[in-house]
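>>> here is my input, please return the structure:
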Amino acid sequence: MINLAICDDEEKELNRTKEMCINGLSAYPEHEIKISLFSCSRKFLQAARQEQFDIVLLDIYMPEPSGIELARELRAMKQECQIIFLTTSTAHAIEAFSLHATHYLVKPYELKQLNDALAKAIATVNKNQRAQVILKVSGGVQKIYYKDFLYSETERHIQKIHMNDNNVKWVRITSTELFELLSKDSRFFKCGSTFIVNMEKVEEITTQYIIFENDEKLPMLRRQYKELLKRYTEYSLEGIQYEIF
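Next up is the predicted model:
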């Protein structure tokens, strides 16, 4: 099931967006899709603290908290939802980029633009829910979903894979072999000979540390800093599109 939420304080716009979403989502009969409507940003935030949304459509200009502030709260809660901003201005595009928005639509947008945004969001949800690597371990195999993978580090010929829940998986494989399995997905970056980083889980990059969304820190290899920063920027740009008309 895909859990979708729409938050807009203008009732007319809220209902218009809902009807457009119902129209666009009819192209995905294989999915059960739940749509929740919120005309109050605080009520939406309360709901988001109790359930996980997959796709969120947010008006930016709402009484506090604004759509941008709601998106910050969602990211602080580690919600990995696909955010589509709906707004009357291009002024917040840079902020939207920093919050890993999927799309940024300027009102009045057309059905095709919304459908394109929904298609991109659904494709990403599908990818995140299904993307995985299956690794051989003692006595069988270990399935690891990319959405749970923070980074791996090499200890001799064993990879210690650090997970989102602070657990560590031990797998007997070389760093090169593991990266060969992961490298078809653009979110993974091989940092030196020791670390493989999931850029989707990176919150901040400094000259000293790679900081992940669960606040775990990885020492930055100075010789890798510029390349990682470049790749991280390129990866982030893959995740946002703008429709201005």
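>>> what residue is smack in the middle of this protein?
Using CA atoms, centre = their mean, the residue of the chain that lies closest to the mean C-alpha position is Glu80, 4.6 Å off.
>>> let me know the helix or strand that Ala123 is in.
Under the criterion of DSSP states H and E, Ala123 resides in helix 111-130.
>>> which residues sit against the helix or strand just after that helix?
Using DSSP H and E, the helix or strand that follows helix 111-130 in sequence is strand 132-137. By CB atoms under 8 Å, 6 or more residues apart in numbering, the residues outside strand 132-137 that reach it are 141-146, 149, 170-173, 178, 181-182. Just so you know, the C-beta spots here come from the backbone N, C-alpha and C atoms, and that holds for glycine as well.
>>> what do you get for stretch 17-33?
1-2, 4, 6, 8, 35, 37, 57, 86, 111, 114-115, 118-119, 122.
>>> number of residues surrounding the closest residue to Lys147 other than its chain neighbours?
Leaving aside its chain neighbours, Lys147 sits nearest to Asn128 (5.1 Å; criterion: CB to CB, 6 or more residues apart in numbering). As a burial measure, Asn128 scores 16 neighbours (other CB atoms under 10 Å).
>>> can I get the contacts of strand 132-137 in CSV including distance to Cys21, secondary structure and pLDDT?
What follows is the contacts of strand 132-137, written out as CSV (distance: CB to CB, whole Å; DSSP: H, G, I helix; E, B strand; the rest coil; pLDDT from 0 to 100):
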residue, distance to Cys21, secondary structure, pLDDT
Val141, 39, strand, 84
Gln142, 38, strand, 82
Lys143, 33, strand, 86
Ile144, 33, strand, 88
Tyr145, 27, strand, 88
Tyr146, 27, helix, 88
Phe149, 31, strand, 93
Trp170, 44, strand, 90
Val171, 41, strand, 90
Arg172, 47, strand, 90
Ile173, 43, coil, 90
Leu178, 40, helix, 94
Leu181, 37, helix, 91
Leu182, 34, helix, 92
